[in-house]
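Trainee: The sequence isn't on hand, but the structure is:
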């Protein structure tokens, strides 16, 4: 089977039906995300960023795959929940609520807000709903306002070791393209310039060509647990965000730099003993604080496939293709669950699932379908050029 | 070799020398705790609770093993660091500082304070230092003041699902015996009564005889991630704290209840497939939020050995002895490092170290030596009664 057909089938026949079937909360709106292997709800809390992600995903499918009423209805369930229960009085998004929508965990960072903004943007695009469009813009501006102190009063660090976080420019580089219809060309270019510069000139360190999670304010590395941390999946995901920006701006140089960085990250992050990409590594090879450092996570491998397929589309480089096949084989042998639908999320170092959950506090309807869609469409282009099956 | 001799040798020849040799910061005071397999310092941040724990440990050895000047000097390094750099203006203890003692992470909970109070108490006992004794008392009172809102402004939960935490009564049940010399009989009895009641009548749930990590305010269980969480190591540790209180108060009933609970926890928490005690479990068998749930941790197994040896001393029960031997064999085959000293801390589910660190952000000079000491002394009593080798 052609890769494009494989990804399309996996997306539309194995993954999306799982969420359509099991995740809808018909009583209180929004989505269940804590689902067992077979789709049973084992916890009913609503994690706001996962509500945003799923509402985004179904709006995106509507906009990019097929204008199915059913998909728009599912998206609306999340949008309504976000509007009704997601925000505090200042328009900041909670981290989580009860099933009914009572806030549980305060807005202690801006990630919930980022995915709410994405969801509002895609949904407004699908429906033309002006109110939702306004909310997208408003949430985006609120994120920019909070970006220098995203944790607010919940910040536990003193000012004695201020560190800049990679997550922010990385997420902005994706969010800005999501909100293209809503922002002015100036706003878009400003955020693109900021995030590309941060990602490629600052967090990408010349010394070893790797992306760091945290840096000193002056852009130098910090010899501390946070400062030594490498999250290969984050780096790979950011590289395909860079390629998406480069495609928009016809920037071959940016593509080449992103591709080179991908290879560096894979060389560093691949488990030479058991295969798969590590979750966390210390750049100096020291122990990490994260006890789950050696686990193999679904999203890391999907982001790698997206990054590598896009890299291949633009470079037709054999080294990239060899990596693509290696990651593809590893991933398809272990993560998908053809029997019950969706993918397993968490493998141990040896590559066996240590948890059979299909969704939880961190895994929802997002990385799997988004990654499958991106690979499907990228392979369609590659195959149209007649290069690879 | 008799068990008492084995534990004594392991403590005094394999473990304590490791910390004496590698952990002392001769330039800035206090202790390094981030040590590799062979004792090299890989990070120099000072985690205040680990500073307190090591200062406590060396004071305790001085008070209970031998009055070595060297041990008291080592304890003083930690005490001085805590006094000079550990506290904010209100007497709350930071979570961490730089090597030099500049605060890094704010006092966002009361665990640093608990271990500082223990350290001050033991050190005051060793030296008769009235200033340090006063600090112990003051820190203890501050903990009691903060106990209903231990996270203060860093609390991220809304009030919509208030949960009581097991950690607090558990730690108080140990701390109160540590500070016996400093508190009045009334104060001691009050805290003992509070914590025993909380641990044995509230957090120990009759339905299944297990200790829960979090409960609703009325003492019922909460069907939520936090509410379903079982931490077998925590439960086992608390059971030997209960036995220590029961020994003080000649309370056979409390001993019997603690022993029964231990067996329940071990039955529930033992990995029937690979051996060892799980780190976290969901009481309903659902996936936990903790990705490290299936790892086997050094402190869990040491606390189990202490609990089981004390249980055996009091009951001479065969079932307890069978469990003791099972946990002992598992533990001694995998955790100790006779080549480089100290114990490995983190095994994967299969029982192999997934990190070779001897110390880090969570592991310092505490559980291993304390557990070895407790087993040593307990087996001396068992052997004096001529029952078991």
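Mentor: Happy to help now that I have it. Just so you know, these numbers come straight off a predicted model, no measurement behind them.

Trainee: residues in the stretch 151-300 of chain A within reach of chain B, list them.
Mentor: A:153-154, A:156-158, A:160-161, A:223-225, A:284, A:286-289, A:291-295 (CB under 8 Å from any CB of the partner chain). Yep, even glycine has a C-beta here, placed from its N, CA and C like the rest.

Trainee: Mind listing residues that contact the helix or strand harbouring residue A:333?
Mentor: Per DSSP states H and E, residue A:333 falls inside helix A:318-334. With contact meaning CB atoms under 8 Å, 6 or more residues apart in numbering or on different chains, helix A:318-334 is reached by A:259, A:262-263, A:266, A:275-277, A:296, A:301-302, A:304-305, A:308-309, A:311-312, A:344, A:347, A:351-353, A:388.

Trainee: Buried ones from those, can you make that a ChimeraX selection?
Mentor: A single ChimeraX command selects the buried members of the contacts of helix A:318-334 (16 or more other CB atoms under 10 Å in any protein chain shown):
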select /A:259,262,263,266,275,276,277,296,301,302,304,305,308,309,311,312,344,347,353,388
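
Trainee: Tell me how far the nearest residue to residue A:353 once chain neighbours are set aside lies from chain B.
Mentor: In space, residue A:353 comes closest to residue A:344 once its chain neighbours are excluded; the distance is 4.4 Å by CB to CB, 6 or more residues apart in numbering or on different chains. Going from residue A:344 to chain B by CB to the nearest CB, to the nearest Å gives 11 Å.

Trainee: my guess is residue A:344 contacts residue A:337, does it?
Mentor: Yes. Counting by CB atoms under 8 Å, residue A:344 touches residue A:337, with 6.0 Å between them.

Trainee: which residues are in contact with both of these two?
Mentor: With CB under 8 Å, 6+ apart, residue A:344 and residue A:337 have common neighbours residue A:358.

Trainee: What parts of the stretch 1-150 of chain A come near chain B?
Mentor: So the stretch 1-150 of chain A meets chain B at A:34, A:36, A:42-43, A:45, A:94-95, A:98, A:102-106, A:108 (CB under 8 Å from any CB).

Trainee: Tell me the predicted confidence for residue A:2.
Mentor: At residue A:2, the model reports a pLDDT of 94.

Trainee: picking up where we left off before, does any part of the next helix or strand after the helix holding residue A:333 sit near chain B?
Mentor: Using DSSP H and E, the helix or strand that follows helix A:318-334 in sequence is strand A:346-347. Yes. Using CB under 8 Å from any CB, we find that strand A:346-347 touches chain B at residue A:346.

Trainee: So what are the sheet partners of strand A:346-347 and their directions?
Mentor: strand A:296-297 (antiparallel), strand A:353-355 (antiparallel) (DSSP bridges).

Trainee: Could you dump those strands into a markdown table with mean pLDDT and distance to residue A:189 added?
Mentor: As requested, those are exported to a markdown table (pLDDT from 0 to 100; distance: least, CB to CB, whole Å):
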| stretch | mean pLDDT | distance to residue A:189 |
| --- | --- | --- |
| strand A:296-297 | 98 | 34 |
| strand A:353-355 | 97 | 43 |
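
Trainee: export those to TSV and tack on distance to residue B:212?
Mentor: Putting the strands paired with strand A:346-347 into TSV (distance: least, CB to CB, whole Å) gives the following:
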stretch	distance to residue B:212
strand A:296-297	29
strand A:353-355	21
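
Trainee: who wins for proximity to residue B:89 among those strands?
Mentor: Residue B:89 sits nearest to strand A:296-297 of all the strands paired with strand A:346-347, at 42.3 Å, using CB to CB.

Trainee: Would you tell me what the next helix or strand after that closest one is?
Mentor: Using DSSP H and E, the first helix or strand after strand A:296-297 is helix A:298-315.

Trainee: on contacts alone, who are the packing partners of that following helix?
Mentor: On a contact count with 3 or more CB pairs under 8 Å, 6 or more residues apart in numbering or on different chains; DSSP states H and E, helix A:298-315 meets helix A:232-249, helix A:252-269, helix A:318-334, helix A:367-384.

Trainee: at 10 Å what do you get?
Mentor: When contacts are defined as 3 or more CB pairs under 10 Å, 6 or more residues apart in numbering or on different chains; DSSP states H and E, helix A:298-315 sits against helix A:3-9, helix A:232-249, helix A:252-269, helix A:318-334, strand A:346-347, helix A:367-384.

Trainee: what mean pLDDT would you report for the shortest one?
Mentor: The predicted model gives strand A:346-347 an average pLDDT of 98.

Trainee: got the contact list for residue A:353?
Mentor: Residues near residue A:353 by CB atoms under 10 Å, 6 or more residues apart in numbering or on different chains: A:37, A:296, A:298, A:334-335, A:337, A:343-347.

Trainee: Just give me the closest of those to chain B.
Mentor: residue A:346 (6.2 Å; CB to the nearest CB).

Trainee: quick one: the closest residue to that closest one other than its chain neighbours from residue B:293, how far?
Mentor: Sequence neighbours aside, residue A:355 is the residue nearest to residue A:346 in space, at 4.8 Å (criterion: CB to CB, 6+ apart). Using CB to CB, to the nearest Å, we find residue A:355 at a distance of 8 Å from residue B:293.
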